[in-house]
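Asker: just to be clear, the model below is a prediction. Sequence and coordinates:
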Amino acid sequence: MPKVYLLGAGPGDPELITLKAKRLLETADTVVYDYLANPRFLDWCRPDAEILYVGKKGGDHTLPQDQINDLLVERAKAGKVVARLKGGDPYVFGRGAEEAEELLEHGIDFEVVPGVTSAVAAPAYAGIPLTHRRFASSVSFITGHEDPTKAESAHDWEALARGTSTLVFFMGVKNLPDIAANLIKAGRPGTTPAALVRWGTTCRQQSLISTLENIAREAKERGFKPPSLLVVGEVVSLHDKLNWFEVRPLLGRGVVVTRSREQASEVVANLESQGACCHEFPTIAVEPMEDAAPIKDAASRLNQYDWVVFTSVNGVRTFWDVLEDHGLDARAFAGVRVAAIGPATAQGLASRGIKADFVPEKYIAEDIVQGLLARDIAGKRVLIPRAQEAREVLPEELQRAGAQVDVLPVYRTLPVTKGAEDIAAALESGEIHYITFTSSSTVTNFFAAIDAQLLQKHRSAVQLVCIGPVTERTLQSHGFQGDIQPEDYTIPAMVAAILNHAHAQKDQGREAVAS
């Protein structure tokens with residue numbers, strides 16, 4: 001049945017959107033959205049959904065409100081289920097009520113799904129509780145977007161100034177001097193704590209803690225711009241004590257993740273939990289082989305092999321897909337010993353009921369060779385399900401040791417260039433601080449999409465992170481030295497190495513200030 005859902009997207013942190021809003025986004029025929037603090041929400045939409053941007057940024061209106069209303073009505077009358085996605089909460093300075101009234105006038109069914117408003121979330125992420133038994137027992141939400149030339153303000157400044165409420169002004173940066181002056185003139189002490197919170201709940205969050213009499217001047221000096229909330233009240237004094245979000249070591253640091261989209265989630269989640277702004281740029285796409293017959297043949301006669309050696313999680317996944325399509329499961333490995341190049345690959349096997357018999361201490365092909373040599377590999381039959389294009393070290397060395405080796409391509413990696421313009425723009429604007437490479441192919445494909453001279457131009461500001469020595473050597477072949485490499489060649493170790501670097505930079509910054 002046609003219906004319009006007015007959805008609150010929350011303040012920007014993608015995990016603050018409600019489960020209901022996410023479910024409706026995933027099923028809607030049409031999604032009509034404003035300027036969002038986090039466009040990742042759109043990734044949840046159906047591939048065939050109609051997605052329409054109607055937002056405004058910096059006063060630039062894509063569509064005026066009356067045309068947005070008409071659009072919602074028109075799509076609903078065409079029989080569509082419409083998700084109207086609005087930042088924050090639809091009914092808190094979001095004009096959601098106006099859209100609901102328009103839908104009612106045309107007899108269109110609608111539903112409101114509340115969202116976490118930035119007025120609550122941004123201060124909370126800045127360590128500022130809106131109420132506190134010692135400081136404030138009420139809160140006022142106020143628009144700061146008034147025309148200062150109006151003959152009469154819509155606000156009762158004396159009432160706002162007299163109370164002990166916490167005051168939260170939306171869109172208050174432009175009129176910040178007038179807001180502060182009006183409150184002080186109406187009797188609020190100039191020494192009252194005041195804060196600006198910019199890009200609240202996102203990796204770009206910044207806070208400015210000051211007083212009512214000084215905040216306009218300090219905001220100008222610091223270059224504070226929209227979108228920012230102004231918080232006025234004694235609760236602001238708790239910022240230094242309760243600030244939990246802005247102490248994250250990677251807050252505001254841009255990290256490019258070049259891993260395939262299917263594998264990027266682990267890296268992105270680990271980095272974002274530490275405050276990083278992740279730029280997903282999957283330079284490779286993993287695709288199964290067009291002809292699965294050789295894989296099915298190998299899967300049906302696994303008992304002919306002594307060892308099966310998996311060199312990646314992708315190899316496990318794509319081989320298993322064919323195995324299951326052939327009506328087989330983990331029992332096909334009965335009597336066969338299995339090796340995995342590293343713990344992630346071993347975990348991929350374990351989740352499918354196979355415990356790896358051997359995982360090398362160093363997660364590279366050379367160490368697998370040494371480990372298998374120590375396990376009397378000579379004369380044994382070995383199957384290596386792997387990428388179509390891969391290093392030949394493993395099969396060549398095993399053959400040299402007397403093993404009978406069958407290399408089985410089970411997937412191929414294809415270069416991806418989509419998003420290269422965004423990465424180039426982010427490099428130019430200084431938003432990129434780390435670029436991560438998790439395989440040789442991510443390096444090669446990165447430089448196929450991004451001009452090496454552009455990276456060289458910004459080299460001093462960007463740390464190049466390689467998961468291991470093989471990837472490092474590929475980077476060197478393109479004329480660049482890696483800056484960071486973990487001792488263990490794993491994703492968690494790579495993230496830990498980035499964190500260690502960020503901590504060291506902060507320590508150096510504190511020492512420089514102290515001196």
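Answerer: Great, that's in hand. Residues are numbered from 1 along each chain as shown.

Asker: now whatever helix or strand residue 425 lives in, how far from the chain's geometric center?
Answerer: Secondary structure assignment for residue 425, by DSSP states H and E: helix 420-428. Relative to its chain's centre, helix 420-428 lies at 17 Å (Cα atoms, centre = their mean, to the nearest Å).

Asker: quick check: longest helix of this protein.
Answerer: Secondary structure of the chain per DSSP state H: the longest helix is helix 491-514.

Asker: which secondary structure elements does that one sit against?
Answerer: helix 264-272, strand 434-437, strand 463-466 (3 or more Cβ pairs under 8 Å, 6 or more residues apart in numbering; DSSP states H and E). All C-beta atoms are positioned from the backbone trio N, CA, C, and that covers glycine.

Asker: residues in contact with the longest one?
Answerer: Helix 264-272 is touched from outside by 203, 250, 255, 257, 259, 278, 280, 282, 436, 438, 491-492, 494-495, 498, with contacts defined as Cβ atoms under 8 Å, 6 or more residues apart in numbering.

Asker: what are the buried residues along that helix?
Answerer: In terms of neighbour count (16 or more other Cβ atoms under 10 Å), helix 264-272 has its buried residues at 264, 267-268, 270-272.

Asker: what is the nearest of the residues you listed to residue 119?
Answerer: residue 272 (23.4 Å; Cβ to Cβ).

Asker: dump the residue contacts of residue 417.
Answerer: Residue 417 sits in contact with 283, 445, 448-449, where contact means Cβ under 8 Å, 6+ apart.

Asker: and the closest residue to residue 228 other than its chain neighbours, how close does it get to residue 174?
Answerer: Using Cβ to Cβ, 6 or more residues apart in numbering and skipping residues adjacent in sequence, the residue nearest residue 228 is residue 198, 4.2 Å away. According to Cβ to Cβ, to the nearest Å, residue 198 stands 13 Å off from residue 174.

Asker: ok, residue 20 next?
Answerer: 34 Å.

Asker: and if you look at residue 213?
Answerer: 19 Å.

Asker: could you report the neighbour count for the closest residue to residue 487 other than its chain neighbours?
Answerer: Nearest residue to residue 487, sequence neighbours excluded (Cβ to Cβ, 6+ apart): residue 493, at 6.6 Å. Residues lying near residue 493 (other Cβ atoms under 10 Å) number 17.

Asker: quick check: residue 493 vs residue 467, distance?
Answerer: 8 Å.

Asker: between those two, what contacts are shared?
Answerer: With Cβ under 8 Å, 6+ apart, residue 493 and residue 467 have common neighbours residue 486.

Asker: the residue lying closest to residue 163 once chain neighbours are set aside: neighbour count?
Answerer: The shortest distance from residue 163 to any non-neighbouring residue, by Cβ to Cβ, 6+ apart, is to residue 138 (7.0 Å). Counted with other Cβ under 10 Å, the neighbours of residue 138 add up to 11.

Asker: again, but for residue 350
Answerer: By other Cβ under 10 Å, the residues close to residue 350 number 14.

Asker: same check, this time on the one 5 residues further on
Answerer: In terms of burial, residue 355 registers 10 neighbours under the definition other Cβ under 10 Å.
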